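K.L.:
I would like the atomic coordinates for the input below:
(one chain, ligands or ions: 2)
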Amino acid sequence: MINKARKLSTNFRQMVNRFFPKRSIKEAISQKHCYLCGATVYQSKPICEGCLHDLPFNHASCARCAIPLPLTTENTDSKKICGECIKSSPSNTQCFSAFCYTFPVNVLISEFKYNNKRHLGKLLSTITAETISDKIKNRQLIKPDKLVPVPLHIDKLYSRGFNQAGDICKDLSRALGIPIDNSCIARTLNNPAQASLTKKQRQQNLANAFVIRKNIEGEVVALIDDVVTTGVTAELLSKQLLGAGAKEVVVWSLARTPLNQ
Ligand SMILES: [Zn+2]
Ligand SMILES: [Zn+2]
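P.N.:
Ligands and ions are numbered 1, 2, ... in the order given. As a prediction, this is how the structure comes out:
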């Protein structure tokens, strides 16, 4: 019996090796292609080690607005605050963006939002969730009670088919075990795209765009968006959430635009 079993097992191994040379069955089944360069990858995330390493991580950033700071030993301190935030203290307690909004992250986010490539958003939010999880464990980030996506106006939701911040929330919620509150904020006005406007024009446009629909007394809320650009939306909503009773507001996004953009 023992010999027979050994023989079968050897034959089976030879058969497997012919189809899957040098890789175990488990590895072969989990084979994927890197979304960025197409190389074959055998890990859970569809990105190869080289491309992952080359992504523009926001390693040194302001703790209050996530603006990328020059990479020095001092600036990797999670409590470092930029000059702008010292002058005008933001309403949110913390702001964290995993990436700088530069190539290729800017292209990936644009494809995610405007060309319905939701798998690219999932890749970035999975990496963001891992980074946030580490920072919560190291007490560099506060763990919030709930995740609140920045809502899209209903017209834009119909034309795009999904809210990118909602997608990001789902991935973060699953990875971090924090519930999502989709009904907390309503968007009442459909503003034109904010990207081409000045900071002042954005403030005017957004002033009446959102309504907080419930009392969130004593809760620590994480406001979730895809990109923090000028920080105007984050500031306005943080102020409104605090006005509705939130104990603290933190802002989490995939990416942050650098100062010169
Ligand atoms: Zn790659
Ligand atoms: Zn700052």
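K.L.:
Ala39 touches Gln31, doesn't it?
P.N.:
No: with contact defined as Cβ atoms under 8 Å, Ala39 does not count as touching Gln31 (11.0 Å). Where you see a C-beta, it was placed from the backbone N, CA and C, and this is true even at glycine.
K.L.:
which residues touch Lys247?
P.N.:
By Cβ atoms under 8 Å, 6 or more residues apart in numbering, the contact set of Lys247 is 218-220.
K.L.:
Counting neighbours, which of those comes out on top?
P.N.:
Glu219 (19 neighbours; other Cβ atoms under 10 Å).
K.L.:
Sketch out the low-pLDDT regions of the stretch 151-261 of the chain for me.
P.N.:
Residue ranges of the stretch 151-261 of the chain with pLDDT under 70: 190-196, 199, 202, 260-261.
K.L.:
likewise the stretch 1-150 of the chain?
P.N.:
For the stretch 1-150 of the chain (pLDDT under 70), the answer is 1-30, 73-78.
K.L.:
That one against ligand 2: which residues are in contact?
P.N.:
Applying Cβ under 5 Å from the ion, we find that the stretch 1-150 of the chain lies next to ligand 2 at 62, 64-65, 67, 82, 85.
K.L.:
try it again with 8 Å
P.N.:
Contact residues (Cβ under 8 Å from the ion) of the stretch 1-150 of the chain with ligand 2: 62-67, 81-86, 90, 95.
K.L.:
residue ranges for the strands of the chain, please.
P.N.:
Using DSSP state E, the strands of the chain run over residues 32-33, 40-41, 94-100, 146-149, 185-187, 210-212, 220-228, 248-256.
K.L.:
Include distance to ligand 1 when you put those into a markdown table, please.
P.N.:
As requested, those are exported to a markdown table (distance: least, Cβ to the ion, whole Å):
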| stretch | distance to ligand 1 |
| --- | --- |
| strand 32-33 | 9 |
| strand 40-41 | 7 |
| strand 94-100 | 16 |
| strand 146-149 | 29 |
| strand 185-187 | 37 |
| strand 210-212 | 39 |
| strand 220-228 | 22 |
| strand 248-256 | 19 |
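K.L.:
who's Ala255 bridged to?
P.N.:
Beta bridges link Ala255 to Phe99, Val227 when assigned by DSSP bridges.
K.L.:
Now do it against Gln201, distance only.
P.N.:
22 Å (Cβ to Cβ, to the nearest Å).
K.L.:
Mind checking which of those two has more residues around it?
P.N.:
It is Ala255, of Ala255 and Gln201, that has more neighbours when counted by other Cβ under 10 Å, with 26 against 14.
K.L.:
tell me the contacts of that one?
P.N.:
Here Ala255 is in contact with 58, 97-101, 105-106, 109, 124, 226-228 (criterion: Cβ under 8 Å, 6+ apart).
K.L.:
Could you rerun that using 6 Å?
P.N.:
With contact taken as Cβ atoms under 6 Å, 6 or more residues apart in numbering, Ala255 is in contact with 97, 99, 101, 105, 227.
K.L.:
how deep is Thr188 tucked in, by neighbour count?
P.N.:
12.
K.L.:
scratch that, Lys200 is what I was asking about
P.N.:
By other Cβ under 10 Å, the residues close to Lys200 number 10.
K.L.:
still on that earlier bit, quick one: which of the contacts of Ala255 is most hemmed in?
P.N.:
Top of the contacts of Ala255 by neighbour number is Ser97, holding 27 neighbours under the definition other Cβ under 10 Å.
K.L.:
which residues does Val211 contact?
P.N.:
Per Cβ under 6 Å, 6+ apart, neighbours of Val211: 186, 188.
K.L.:
Just give the closest residue to Val105, not the sequence neighbours.
P.N.:
Phe99 (4.4 Å; Cβ to Cβ, 6 or more residues apart in numbering).
K.L.:
how far away is that neighbour from Thr257?
P.N.:
The value you get for Phe99 to Thr257, if Cβ to Cβ is used, is 11 Å.
K.L.:
got it, and Thr188?
P.N.:
Taking Cβ to Cβ, one finds Thr188 at 26 Å from Thr257.
K.L.:
In the stretch 51-200 of the chain, which residue sits closest to ligand 1?
P.N.:
In the stretch 51-200 of the chain, the residue that lies nearest ligand 1 is Cys51 (3.2 Å; Cβ to the ion).
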